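[1] how would this look folded up:
(one chain, ligands or ions: 1)
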Amino acid sequence: MIQVEHLTKVYGTTAALRDVSFTAATGEILGLLGPNGAGKTTTMRILAGYLPATSGTAVIAGHEVHTDPMAVRQRIGYLPEHPPLYTEMTVVGYLHFVARIKGVSAGDRPQRVNFALKSCGLLDCQHTIIRKLSKGYRQRVGIAQAIVHDPPAIILDEPTVGLDPRQIIEVRHLIQTLAGQHTVILSTHILAEVSMTCDRAVIINKGEVAGIGKLDELMQQLSSSYTYDLELVGDRQHIQTLLTQMPQLQNVNWLGTPDQPRQQLHISSPEEIGADLATLLIQNGIQLYEMRRSHANLEDVFLKLTTDDVAPAAAAPTPAEPPIVEDADA
Ligand SMILES: Nc1ncnc2c1ncn2[C@@H]1O[C@H](COP(=O)(O)OP(=O)(O)OP(=O)(O)O)[C@@H](O)[C@H]1O
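    Modelled structure (predicted):
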């Protein structure tokens, strides 16, 4: 449904995206996850046809965003970070307006608007002036305008930002109900958003793809899959020498000071090495008081992939730039 290949965007001297590539299959929810400034919004705006890429291509439902922008805009729903709602209109009036400018026929409009109102939990406030809605409800209106013309692809830029916890849960649930019939790409800097909402994630960092796949696959990609926290008594130097016998150990970090009676050690390893490690230490006279093993969690993956230098992926392309309503008007 969505193919992004070798996408690069340069703002002046700033390379916001470098050779970004990923795909999103029909019906899936793909999370674009990255820290501030990673290039998420830039990617979303290019996909939505509001920003031209410097190079590369992005194809949505068979149409390239640069060479065929109008066809793309008819096939996507886009929720920008700050949706440009017409705040003096009622919710239902606004959705009818958007449906019209998105090309929904007059006969289909009532049904499409009703679907959007219902899907987004807006039926009860459909006659309310948008200006009087809470932020959470405005966000729902933003999503409703993105789906009112029933596009096959939905692009949501930070859809839960600024919402309270209850609203976040509601919006995430809404997004999940949209998948299946729609392909959804959402951007976020919140790990939990991806783990709770998305089928797969593209982790983006400094404009490059740092990891891509299902979350459990991403965790497996980590070289340090297991971490061990040890409490032991023994000479640090001696222990350090012993550990050189296990070359698979990574990130051997001592906690506290060497003069503490009990030493604390944090080790990571791509393999499960607990039994061998314990045997090595005990057979060499080290008193092992505690050893705890934990698996890399999503936070470890994110920190690892967005802290280290990363290798990119691929993709690129295109169009011009207006806010949703104006664009649709065209
Ligand atoms: N119009 C612009 N002109 C120059 N540089 C820009 C422009 N827009 C974005 N950038 C730069 O491009 C990089 C990526 O920005 P982008 O907004 O895409 O990141 P982001 O991942 O969405 O960040 P955030 O989560 O903070 O919104 C940043 O270094 C940003 O400063």
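[2] switch to C-alpha atoms for all contacts and neighbour counts from now on
    Will do.
[3] State the helix or strand in which the most far-flung residue of the chain relative to its centre lies.
    The centre of the chain is farthest from one residue, Gly285, which by C-alpha atoms, centre = their mean lies 47.9 Å away. Secondary structure here is read from DSSP states H and E; on that basis Gly285 sits in neither a helix nor a strand.
[4] gap between it and Ala71?
    The gap separating Gly285 from Ala71 is 72 Å, by C-alpha to C-alpha, to the nearest Å.
[5] With His238 instead?
    His238 sits at a distance of 68 Å from Ala71 (criterion: C-alpha to C-alpha).
[6] With neighbour numbers in mind, choose between those two.
    Ala71 (15 against 12; other C-alpha atoms under 10 Å).
[7] Which of the three states applies to the more buried one?
    Remark: Ala71 carries the secondary structure label helix [criterion: DSSP: H, G, I helix; E, B strand; the rest coil].
[8] With the ligand as the reference, measure out to it.
    If you measure Ala71 against the ligand using C-alpha to the nearest ligand atom, to the nearest Å, the figure is 24 Å.
[9] for Thr54, same thing?
    For Thr54, the distance to the ligand equals 13 Å [C-alpha to the nearest ligand atom].
[10] go on, Gly162?
    Applying C-alpha to the nearest ligand atom, one obtains 13 Å for the distance of Gly162 from the ligand.
[11] where does that residue land in three-state SS?
    Three states are possible here, and by three-state DSSP the one that applies to Gly162 is coil.
[12] burial count for the residue nearest to it when sequence neighbours are not counted?
    Take Gly162 and drop its neighbours on the chain: the residue closest to it by C-alpha to C-alpha, 6 or more residues apart in numbering is Lys135, 7.7 Å away. Applying other C-alpha under 10 Å, we find 16 residues neighbouring Lys135.
[13] and what of Thr23?
    A count of neighbours around Thr23, defined by other C-alpha under 10 Å, yields 17.
[14] Contacts only, for Leu215.
    Under the criterion of C-alpha atoms under 8 Å, 6 or more residues apart in numbering, the neighbours of Leu215 are Ser195, Asp199, Arg200, Ala201, Leu298.
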